[in-house]
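J.: Could you look at this predicted model? Sequence included:
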Amino acid sequence: MTHLNFEKIKEVLDRIPKEMEGLEAKIGWFPSSQYPDGTPAASVAATQEYGDPGMNIPARPFLRPTVQRDKAEWLKQLGLGLKLVLKDQMNGPDLLGAIAQTGAGGVQKSISQVYSPPLSPVTLMIRGMRAENPGLIVNDRVLDQARARISQGKPNNAPSTKPLVDTGYMLATVQGVVGESE
């Protein structure tokens with residue numbers, strides 16, 4: 001026979017809102033995540049998610065599909081976690097942290113599954129040029145060189161044609177954290 005300790009349950013139920021007040025699970029790229037040239041990873045991620053028509057960059061969504069695909073699982077994880085919190089086997093902030101980490105893993109999975117739209121010939125040529133010269137800084141002059149190589153029919157030698165994984169930095173730096181609500 002199981003005996004319920006209602007005082008203990010009430011104590012835990014009173015504690016949960018206090019522990020979690022003002023906190024939220026956050027998934028994404030934070031200010032410390034910057035490419036070597038200082039470009040914020042969050043900016044690159046947003047450009048890839050929504051595209052930039054002015055720069056001829058098509059949208060390659062991975063965040064919104066992650067939320068659509070995984071939100072039911074996150075809610076299930078929250079429900080299971082709350083049971084652990086009620087049993088005093090986990091606290092609220094740790095539960096939010098676990099959900100945030102799960103979410104970051106889901107974003108990484110989505111990034112790894114994006115194959116379209118395909119990269120432009122210029123982007124592929126620049127990848128090949130960077131493979132030849134890892135310190136290459138892409139600027140207007142380099143873009144012109146890439147276009148010239150393409151028009152001359154030169155091979156691009158791009159190490160990968162897959163979108164969103166050029167350097168691997170965006171994939172590696174997505175994080176799931178618990179932070180203050182904004």
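T.: Arrived safely, thanks for sending.
J.: Can you give me every residue that contacts the nearest residue to residue 143 once chain neighbours are set aside?
T.: What sits nearest to residue 143 in space, not counting adjacent residues and going by C-beta to C-beta, 6 or more residues apart in numbering, is residue 122, at 6.7 Å. In this view, the C-beta of every residue, glycine as well, is placed from N, C-alpha and C. For residue 122, the contacting residues are 143, 146-147, 150, by C-beta atoms under 8 Å, 6 or more residues apart in numbering.
J.: one more time with 10 Å, if that's ok
T.: Contacts for residue 122 (C-beta atoms under 10 Å, 6 or more residues apart in numbering) come out as 56, 142-143, 146-147, 149-150, 156.
J.: Now that we have those, which of them are buried?
T.: 142, 146, 149, 156 (16 or more other C-beta atoms under 10 Å).
J.: circling back to that earlier point, and the residue nearest to residue 143, what's its pLDDT?
T.: For residue 122, the pLDDT comes out at 95.
J.: What residues of the helix or strand harbouring it count as buried?
T.: Assessed by DSSP states H and E, residue 122 sits inside helix 121-132. Of the residues in helix 121-132, 122-130 count as buried by neighbour count, 16+ other C-beta under 10 Å.
J.: Which phi and psi values does residue 177 adopt?
T.: phi -140, psi 170 (degrees, to the nearest 10).
J.: Next, give phi and psi for residue 83.
T.: phi -60, psi -40.
J.: do residue 26 as well
T.: According to degrees, to the nearest 10, residue 26 has phi -120, psi 140.
J.: May I ask you to confirm that it is in contact with residue 42?
T.: No: Residue 26 is beyond contact range of residue 42, at 11.4 Å (criterion: C-beta atoms under 10 Å).
J.: Skipping adjacent residues, who's closest to residue 137 in space?
T.: Nearest to residue 137 is residue 37, by C-beta to C-beta, 6+ apart, at 6.9 Å.
J.: Just give me the closest of the contacts of residue 122 to residue 115.
T.: Using C-beta to C-beta, residue 156 comes nearest to residue 115 of those, at 17.8 Å.
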